[in-house]
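Q: build me a model:
(one chain, ligands or ions: 2)
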Amino acid sequence: MDIYSDIKYIKGVGPKMAENLNMCGIFNVLDILLYFPRDYENVSVHKSILECVESENVIIECNVLNILKDVRLKNNKTLSTIVFSQGENKFKGKWFNQKYAKNSFKVSNNYIITGKVNKFKEEITIMNPKIVKNTSMDSNKIIAKYPLKNNITNNFFNKIISGVLSDINITESLPLWIVDKYGFCSLEDAVRNIHSPKSSELLDESRRRLKFQELFTYSLKILMLKEFIKFHNDGIQFKIAPELTLLKDQLPFELTRAQSRVVREILIDQKRDKGMNRLLQGDVGSGKTIVAIITMFNVVKNGYQTSMMAPTEILAKQHYAEIQNVLKDFPLNIKLLSGSTSAKNKQLIKDELKNGTIDIIIGTHALIEDNVEFKNLGMVVTDEQHRFGVSQRNRFSNKGKNIDILVMTATPIPRTLSLYLYGDLDVSIIDELPPGRQKIDTSYENMSSSDHVYDFALNEINKGRQVYIVCPLVEENEDMKLSSVEMLYEKLKKEQFKDTNIAMIYGKMPSKLKNEVMDKFKDGEIKVLVSTTVIEVGVNVPNATVMIIENSERFGLAQLHQLRGRVGRGKYKSYCILLAKITNNIVRKRLEVLIKSNDGFYIAEEDLKTRGAGELFGIRQSGESGLILADVICDIDILKLANNEAKNLIQSNNSEDVVVKNDIIEKIKKSSNYICFN
Ligand code: ADP
Ligand code: MG
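A: Ligands and ions are numbered 1, 2, ... in the order given. Predicted coordinates:
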């Protein structure tokens, strides 16, 4: 077996299971090794039941004394009970609604079992005991908990992965001097211990090393792009099209000074014979889209095609509407391509892109599919790029020769961080909002006062306004059938908002349904939208005036600021209410940053200062950055080190380093993730 072996050849994986794994994006051994646990459970091994502590997960040896008859409880649940003994001591094992669980036990037999301890007065119970086989009783254990999807159980992942680990050799892939310098464990140990940690210290060591490795590769990729750009950067020399003046005269508003400055910076890039690689940063609502439209228009008037990619379908549609509106007096062929474009239309659009009939294409990541070809692409714009990561940046720019690249982001990235994340790009900043914007009234409330917050929202609805309610994304786990957004929606629909038109929207919903809901919200038919952060970026509904964020202590400040930017977009006074479990002063202080300031850059700097990694464990912020373990914000210290070492390696002429460098570069090219083992 090697890391590219198909998972269907792994022992214990049948054809059906292989299919399920495929649906989780797991196709070969490498994929499964990179399927990291989302959390861990500590399990204590105890010799005697008397050592067990309330709520602890334990492993313990025992004998079956008696198997009792099932009891039907008042709440209609069935209770099954076994009495276990350990010498003189007795304790019970209990299951609710699992009639068959007890059948694996036989009276008088010895077992090693695991479960959670429940102590009531003198009586000890192990809840949902399971038999453990082949375990040593000499030390406490840390059990990996995997993100569960498609009916695959945690036990299955643990079994399959431990099988793979016992069968595979993993060779070191970092330069040895780096491993030595930082005292990292070997790659092999890191991979073993992240899946089945021998101790919490070894787990920490593994995480540190793998995060470093990921950010090192990430940095190398950015630096390589930068190098590449330096040497292969012939660009198209665009002219300043005379029609630009015409367009400026008929814009729906006057540009702010910052917008004009940034348009100028981009036009200067376009005129040069070098390619443009520019990052456009601007707070939510600062008006980046119009900047993109004006500069794309210039490229089109030079006879080239341009394209704009948005991270979600909702945004792509919105950009499409805006661009059509702004450019309505110019006879241009502008099209929208996204996941929900019909196959027939898609083909038509692809043909028109290839033969050059389309001037401007707006779309989602459907645009970077391999079979989308352009006749003469001159410039690409990617909106809210922080969701895409460098590799997409790279792939998208490969669609044409020497094209100009404009990356737009509304996440104000502190300068320190942006150097590491966007070191390959020049930066333009819009640091001014269009005139007449109202300040959004921001406050925080304890979760326990949510009822009066909902009442306030109802009051706004009665005035004709609309409301967003955002929940954090909680990964599904064994105990929870519904995601938090579904649960909240069901509750609000039955209770506080029972007479209101309320709907929900979340990432995994079919995009057709998502669009329908979004359209109805835009039209004002839906009054309350319960949502995950899919509405985070860019969505524009001027009639919405209330943003309620549930469990806001779970979000980063920058993200809360983004969410707040969804309201205050029209002529009405707007409100952002942060519901939080305010358990300590740190939470309070963080939320106060948002009340004090409306400056995205300031907020981002504060975010970087106050966001403890521990607080965020288990909540994936980087999501679509392509990083699996590291979080560029929480792990900025590792990122700095990794970036430094990546620079050292790139610049080194030492013959050994050159060999390592070329080797890594080959690996990066072949690999879609940043933790390359191959
Ligand atoms: P973002 O930078 O967050 O992408 P948008 O480009 O969506 O912001 O702009 C937010 C809103 O502000 C849009 O409705 C847009 O039409 C409007 N807008 C942009 N620039 C100006 C301006 N100079 N004056 C007035 N309104 C503007
Ligand atoms: Mg935008």
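Q: what parts of the stretch 251-400 of the chain come near ligand 1?
A: Phe253, Leu255, Thr256, Gln259, Gly282, Val284, Gly285, Ser286, Gly287, Lys288, Thr289, Ile290 (Cβ under 6 Å from any ligand atom). Bear in mind the C-beta positions are built from the backbone N, C-alpha and C, glycine included.
Q: ok, the residue in the stretch 151-300 of the chain positioned nearest to ligand 1 to Met309 distance?
A: Residue of the stretch 151-300 of the chain nearest ligand 1, by Cβ to the nearest ligand atom: Gly287 (2.8 Å). As judged by Cβ to Cβ, to the nearest Å, Gly287 and Met309 stand 19 Å apart.
Q: His319 too?
A: For His319 relative to Met309 (Cβ to Cβ), the value is 10 Å.
Q: now the common contact residues for those two.
A: Common contacts of His319 and Met309, defined by Cβ atoms under 8 Å, 6 or more residues apart in numbering, comprise Asp383.
Q: those two: which is more packed in?
A: Taking other Cβ atoms under 10 Å, His319 and Met309 do not tie; Met309 has more neighbours (26 against 22).
Q: for that one, give me phi and psi.
A: Main-chain torsions, Met309, degrees, to the nearest 10: phi -110, psi 130.
Q: run through the bridge partners of it.
A: As for beta bridges, Met309 partners with Gly363, Thr382 under DSSP bridges.
Q: so who does it touch?
A: Ala316, Gly363, Thr364, His365, Leu367, Ile368, Val380, Val381, Thr382, Asp383, Phe388, Phe396.
Q: what about the nearest residue to the fourth one once chain neighbours are set aside, distance to ligand 1?
A: Using Cβ to Cβ, 6 or more residues apart in numbering and skipping the chain neighbours, the partner closest in space to His365 is Met309 (6.8 Å). Noted for Met309: a distance of 14 Å to ligand 1, by Cβ to the nearest ligand atom, to the nearest Å.
Q: per-residue confidence at Met309?
A: Predicted confidence (pLDDT) for Met309: 91.
Q: same check, this time on the one 10 residues further on
A: Here the pLDDT value assigned to His319 is 93.
Q: spit out the contact partners of the residue nearest to it when sequence neighbours are not counted.
A: Counting by Cβ to Cβ, 6+ apart, His319 lies nearest to Ile362, which is 5.2 Å off, once chain neighbours are set aside. Ile362 makes contact with Ser307, Met308, Ala310, Ala316, His319, Tyr320, Ile323, Ile334, Lys335, Leu336, Leu337 under the criterion Cβ under 8 Å, 6+ apart.
Q: sitting in strands, which of those residues do you find?
A: In this view, the contacts of Ile362 that belong to strands under DSSP state E are Ser307, Met308, Ile334, Lys335, Leu336, Leu337.
Q: burial count for the residue of the stretch 151-300 of the chain closest to ligand 1?
A: Other residues within reach of Gly287, judged by other Cβ under 10 Å, total 19.
Q: list the contacts of it.
A: For Gly287, counting by Cβ under 8 Å, 6+ apart, the contacting residues are Leu255, Thr256, Gln259, Ile430, Leu433, Pro434.
Q: drop anything exposed from those.
A: Neighbour counting by 16 or more other Cβ atoms under 10 Å classes Leu255, Thr256, Gln259, Ile430, Leu433, Pro434 among the contacts of Gly287 as buried.
Q: surely the third one meets Ile430?
A: Spelled out, that is Gln259. Yes. Gln259 is in contact with Ile430 according to Cβ atoms under 8 Å; the separation is 6.1 Å.
Q: re the thing from before, relative to Ala630, how far out is the residue of the stretch 151-300 of the chain closest to ligand 1?
A: Gly287 sits 33 Å away from Ala630, going by Cβ to Cβ.
Q: picking up where we left off before, of the contacts of Met309, just say which sits nearest to ligand 1.
A: Taking the contacts of Met309 together and measuring to ligand 1 by Cβ to the nearest ligand atom, the closest member is Asp383, at 7.2 Å.
Q: gap between that closest one and Leu30?
A: Asp383 is 32 Å from Leu30, by Cβ to Cβ.
Q: what of Leu560?
A: From Leu560 across to Leu30, the span is 36 Å (Cβ to Cβ).
Q: before we move on, what about Leu579?
A: Leu579 is 42 Å from Leu30, by Cβ to Cβ.
Q: this structure against ligand 1: which residues are in contact?
A: 253, 255-256, 259, 282, 284-290, 410, 434, 538, 540.
Q: same thing but at 5 Å, please
A: The chain comes close to ligand 1 at residues Phe253, Leu255, Thr256, Gly282, Val284, Gly285, Ser286, Gly287, Lys288, Thr289, Pro434, as judged by Cβ under 5 Å from any ligand atom.
Q: for the first one, which non-adjacent residue is spatially closest?
A: Right, Phe253. Phe253's closest residue in space is Pro434 (Cβ to Cβ, 6+ apart), at 6.9 Å.
Q: helix, strand or coil for that neighbour?
A: coil (DSSP: H, G, I helix; E, B strand; the rest coil).
Q: dump the residue contacts of it.
A: Phe253, Thr256, Gly285, Ser286, Gly287.
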